[in-house]
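Peer 1: Fold the following for me, if possible:
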Amino acid sequence: LAQECSAERVRKMSSQPAKKFINKPDDVVEEMIQGMIVCDHSLRRLGELNVLIRSDIDEVKNKQVSLISGGGSGHEPAHAGYIGAGMLSAAVLGGVFASPSANSVFETICAVSGTPGCLLIVKNYTGDRLNFGIAMERARGLGIGCEMVIVGDDCALPPDQGITGRRGVAGTVLVH
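Peer 2: This next block holds a predicted model:
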């Protein structure tokens, strides 16, 4: 009976249209990074980290404040899709719906910040605030000028409700 149920389930699933273009869930972030680099030669990866930066960052980082954003993957082209002249200098990518690590954010700050320093653009999610905040403090400890702005534009929550307050959602794109 279990095999018949399983076979019926497979038949139903195979007749349904695909909802996503994902080869393997565990590889989705890596494949997105590789795809972005192949499609846009103005991007490059920062070492082995899940971080994309401007390919010309070494030419511009001492001329302007570097803008860094990021967060959980799964919202593409959020973050990485906004890297370029007049926009973000780097995007730090976490796992699907998971914040990037404080170490990845710190390494990004060190790599893209020149004399003018950097600004971290962070959505109002607990993990993002925590990890970007830790990285900012570490960078400041090294003498890197670093500030952070929290975006909380979520109009679905009244201003005085919810434990964490309004989250940064679509409006973050305007800040990028």
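
Peer 1: Give me the nearest residue to Ile109, chain neighbours excluded.
Peer 2: Ala139 (4.4 Å; C-beta to C-beta, 6 or more residues apart in numbering). (Glycine included, C-beta is placed from N, CA and C.)

Peer 1: The one you found falls within a helix, correct?
Peer 2: Yes. With DSSP: H, G, I helix; E, B strand; the rest coil as the criterion, Ala139 is part of a helix.

Peer 1: distance of it from His41?
Peer 2: 28 Å (C-beta to C-beta, to the nearest Å).

Peer 1: what helix or strand does the most centrally placed residue in the chain sit in?
Peer 2: For the chain, the residue nearest the mean C-alpha position is Gly70 (2.6 Å; C-alpha atoms, centre = their mean). Assigned by DSSP states H and E, Gly70 belongs to strand 66-73.

Peer 1: Keeping just the C-alphas, turn stretch 122-135 into PDB.
Peer 2: Extracted in PDB, the C-alpha atoms of stretch 122-135 (Å, rounded to 0.1, in the frame of the first residue of the first chain):
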ATOM      1  CA  VAL A 122      20.300  46.700   6.600                       C
ATOM      2  CA  LYS A 123      16.700  45.500   6.700                       C
ATOM      3  CA  ASN A 124      15.000  45.300  10.100                       C
ATOM      4  CA  TYR A 125      15.400  41.600  10.600                       C
ATOM      5  CA  THR A 126      16.900  40.400  13.900                       C
ATOM      6  CA  GLY A 127      19.700  38.300  12.300                       C
ATOM      7  CA  ASP A 128      20.700  41.000   9.800                       C
ATOM      8  CA  ARG A 129      20.800  43.700  12.500                       C
ATOM      9  CA  LEU A 130      22.900  41.500  14.700                       C
ATOM     10  CA  ASN A 131      25.400  40.200  12.200                       C
ATOM     11  CA  PHE A 132      25.800  43.500  10.300                       C
ATOM     12  CA  GLY A 133      26.100  45.300  13.700                       C
ATOM     13  CA  ILE A 134      28.800  42.900  15.000                       C
ATOM     14  CA  ALA A 135      30.800  43.300  11.700                       C
END
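
Peer 1: Just the buried residues of it, please?
Peer 2: 122-125, 127-129, 131-133, 135 (16 or more other C-beta atoms under 10 Å).

Peer 1: can you give me phi and psi for the nearest residue to Thr172 once chain neighbours are set aside?
Peer 2: Of all residues not flanking Thr172 in the chain, Val151 sits nearest, at 4.6 Å (C-beta to C-beta, 6+ apart). Dihedral pair for Val151: phi -100, psi 120, per degrees, to the nearest 10.
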